[in-house]
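Q: predicted model and sequence below, questions to follow.
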Amino acid sequence: EDKVVQSPLSLVVHEGDTVTLNCSYEVTNFRSLLWYKQEKKAPTFLFMLTSSGIEKKSGRLSSILDKKELFSILNITATQTGDSAIYLCAVAGAGGTSYGKLTFGQGTILTVHP
Amino acid sequence: KAGVTQTPRYLIKTRGQQVTLSCSPISGHRSVSWYQQTPGQGLQFLFEYFSETQRNKGNFPGRFSGRQFSNSRSEMNVSTLELGDSALYLCASSLLEGGEQYFGPGTRLTVT
């Protein structure tokens, strides 16, 4: 059974700090790893990392994938109060019983104080 | 391009009743996946439809069912509602199977 574990479960920082969120996974026949941001609504897509794209960056957010060690990190630099949210990591397997299925971690609750 | 839409946004039902939730994917997306989100269990996969066919199903009882129409719109149905079915039901659409999934705003179901 696919499994995703995120750490820490919660994090409190001040504006301007840099944070690193961790995600380790076990998945049969890995296809991709995705990061989402969830505020008081539906998850918003951030990044998808695959075997052919193990590093992504968008503004102050960046993410890397280590397929050998089976983990990913999401970095947020110069945090802002608007970054306060739950960050979800998910993995997708390939084929068979994995069609259209994302397995999610518990999420990391990030709180950024002014 | 319009995002994923879900109706209704909020629903209150009584135990034993049944409910139907609707999801319209992003235009051109043919894969629709459904998830249940609860504080205790997080986001859990319910099922996925592609070209009107259910391709995958999660570990939920048979009371949970769904379908997809030729225009890729999808519905999910929960029969004989239980208190534990109270949750946020999210659907997500994807252009390709295995591609990134984009979520709708969800339907908040409360069972009393």
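A: Alright, I've got the coordinates. Quick caveat, the model's predicted, so the values are computed rather than measured.

Q: show residues contacting stretch A:71-80.
A: With Cβ atoms under 8 Å, 6 or more residues apart in numbering or on different chains as the test, stretch A:71-80 has contacts from A:13-25, A:33, A:35, A:46-47, A:49, A:60-66, A:83, A:87, A:89, A:110, A:112. (C-beta placed from N, C-alpha, C; glycine too.)

Q: using CSV, write out every CA atom in that stretch.
A: Output of stretch A:71-80 as CSV, limited to C-alpha atoms (Å, rounded to 0.1, in the frame of the first residue of the first chain):
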residue,chain,number,x,y,z
PHE,A,71,11.8,11.9,-0.3
SER,A,72,11.0,15.4,-1.4
ILE,A,73,11.4,18.8,0.3
LEU,A,74,9.5,22.0,-0.3
ASN,A,75,11.4,25.2,0.5
ILE,A,76,9.7,28.6,1.1
THR,A,77,12.1,31.5,1.4
ALA,A,78,11.2,35.0,2.8
THR,A,79,7.9,33.7,4.2
GLN,A,80,4.9,36.0,4.3
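
Q: so how far is it off the chain centroid?
A: Distance of stretch A:71-80 from its chain centroid, counting by Cα atoms, centre = their mean, to the nearest Å, is 9 Å.

Q: please indicate which of the contacts of stretch A:71-80 are buried?
A: Neighbour counting with 16 or more other Cβ atoms under 10 Å in any protein chain shown marks A:13, A:19, A:21, A:23-25, A:33, A:35, A:46-47, A:49, A:61, A:63, A:65, A:83, A:87, A:89, A:110, A:112 as buried within these.

Q: which pLDDT value does the model give the closest residue to chain B within chain A?
A: Residue nearest to chain B within chain A: A:Gly100 (2.7 Å; Cβ to the nearest Cβ). At A:Gly100, the pLDDT value in this model is 85.

Q: contacting residues for it?
A: Per Cβ under 8 Å, 6+ apart, neighbours of A:Gly100: B:31-33, B:48-50, B:55-56, B:94, B:97, B:101.

Q: mind redoing it with 10 Å?
A: A:92, B:31-34, B:45, B:47-50, B:54-56, B:92-94, B:97-99, B:101 (Cβ atoms under 10 Å, 6 or more residues apart in numbering or on different chains).

Q: give the buried residues for the helix or strand hosting A:Ile73.
A: Element membership for A:Ile73, per DSSP states H and E: strand A:71-76. Going by neighbour count (16+ other Cβ under 10 Å), the buried part of strand A:71-76 is A:71-72, A:74, A:76.
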